[in-house]
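> no sequence on hand, only this structure:
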Ligand SMILES: Nc1ncnc2c1ncn2[C@@H]1O[C@H](COP(=O)(O)OP(=O)(O)OP(=O)(O)O)[C@@H](O)[C@H]1O
């Protein structure tokens, strides 16, 4: 019986035993040895692990920027085929705004690339700038905005073409601690309002627990998926939850999986 016949909702993203090797021959390097990950539509999955364990590689495979040598990756279904160029939004550690474009024109970049009609795209860019708290900054240059504000603009840009999945690679890693905490709460709000499926890569165990509805823990040597579990903390998530026993248990579980004393 298939999952659909059993009455369950098929996962939106299905990665089974994915293996990725860089180079060949003597230079061969196994970046990811065995990743299995099912993501339902609308989930926020935090992907946590040490540097070099293959987190970015997993995102690149999902965005179809990389092939892979073993396993299977399926996204969407036959009725709604997934087209990475159209259906993925990406946010990186650096906002990567074009300095010669003002903020709204930066947010409009995917419309230029995908050839979307400009008028509705501009209206959507305005709405998204409002969603990320940048209303009134449309005409500013990137250098006039703080690092946190620039990253908000990058999030709006990633949402412009209404992607089905947003891949975020250490999006707040370059921000100071206080701004990072504020952005964590902002992203949770944006996620709840937009209903997007988000994969969120982080090195921070606390951030992984705070942000995730699910958490994937990856370890290195060899790089593999050590665990994948629900984070059943209530919503809306709040910073002071980090002091709760329940939060502490999730954090301890991840520390144990990563072999951190
Ligand atoms: N294009 C490439 N060619 C060869 N090796 C690569 C390439 N890209 C990544 N690697 C190697 O694959 C491993 C996994 O890299 P990846 O960037 O996925 O890790 P990561 O967990 O995202 O690391 P970080 O947290 O430091 O960003 C690393 O050892 C890296 O050196």
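Noted; the coordinates are in hand. Everything numeric here is computed off the predicted structure, so don't read it as measured data. Numbering: from 1, shown residues only.

> where does pLDDT dip in the stretch 151-261 of the chain?
261 (pLDDT under 70).

> ok, the residue in it positioned nearest to the ligand - how many residues close by?
Nearest residue of the stretch 151-261 of the chain to the ligand (Cβ to the nearest ligand atom) works out as residue 203 at 5.9 Å. (Each C-beta comes from the backbone N, C-alpha and C, glycine too.) Using other Cβ atoms under 10 Å, residue 203 is surrounded by 14 other residues.

> and if you look at the one 10 residues further on?
Residue 213 is surrounded by 20 other residues when neighbours are defined as other Cβ under 10 Å.

> the one 4 residues further on now?
Using other Cβ under 10 Å, the number of residues around residue 217 comes to 23.

> from memory it sits against residue 224, does it?
No - using Cβ atoms under 8 Å, residue 217 and residue 224 do not qualify as a contacting pair, with a distance of 10.0 Å.

> could you verify my assumption that the residue of the stretch 151-261 of the chain closest to the ligand touches residue 173?
Yes - Residue 203 is within contact range of residue 173, at 7.1 Å (criterion: Cβ under 8 Å).

> sorry, back to before: which residues touch the residue of the stretch 151-261 of the chain closest to the ligand?
By Cβ atoms under 8 Å, 6 or more residues apart in numbering, the residues touching residue 203 are 48, 49, 50, 51, 170, 173.

> flag every residue of this structure that's near the ligand.
Within the chain, the residues that sit near the ligand (Cβ under 6 Å from any ligand atom) are 22-23, 29, 31, 49, 51-57, 203.

> switch those residues over to a markdown table; also include secondary structure.
What follows is the residues of the chain next to the ligand, written out as a markdown table (DSSP: H, G, I helix; E, B strand; the rest coil):
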| residue | secondary structure |
| --- | --- |
| 22 | strand |
| 23 | coil |
| 29 | strand |
| 31 | strand |
| 49 | coil |
| 51 | coil |
| 52 | coil |
| 53 | coil |
| 54 | coil |
| 55 | helix |
| 56 | helix |
| 57 | helix |
| 203 | coil |
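
> adding distance to residue 81, write the residues you listed out as a markdown table.
Formatted as a markdown table, the residues of the chain next to the ligand follow (distance: Cβ to Cβ, whole Å):
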| residue | distance to residue 81 |
| --- | --- |
| 22 | 28 |
| 23 | 32 |
| 29 | 32 |
| 31 | 27 |
| 49 | 30 |
| 51 | 35 |
| 52 | 33 |
| 53 | 31 |
| 54 | 27 |
| 55 | 26 |
| 56 | 25 |
| 57 | 24 |
| 203 | 34 |
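
> sweet, I'm off.
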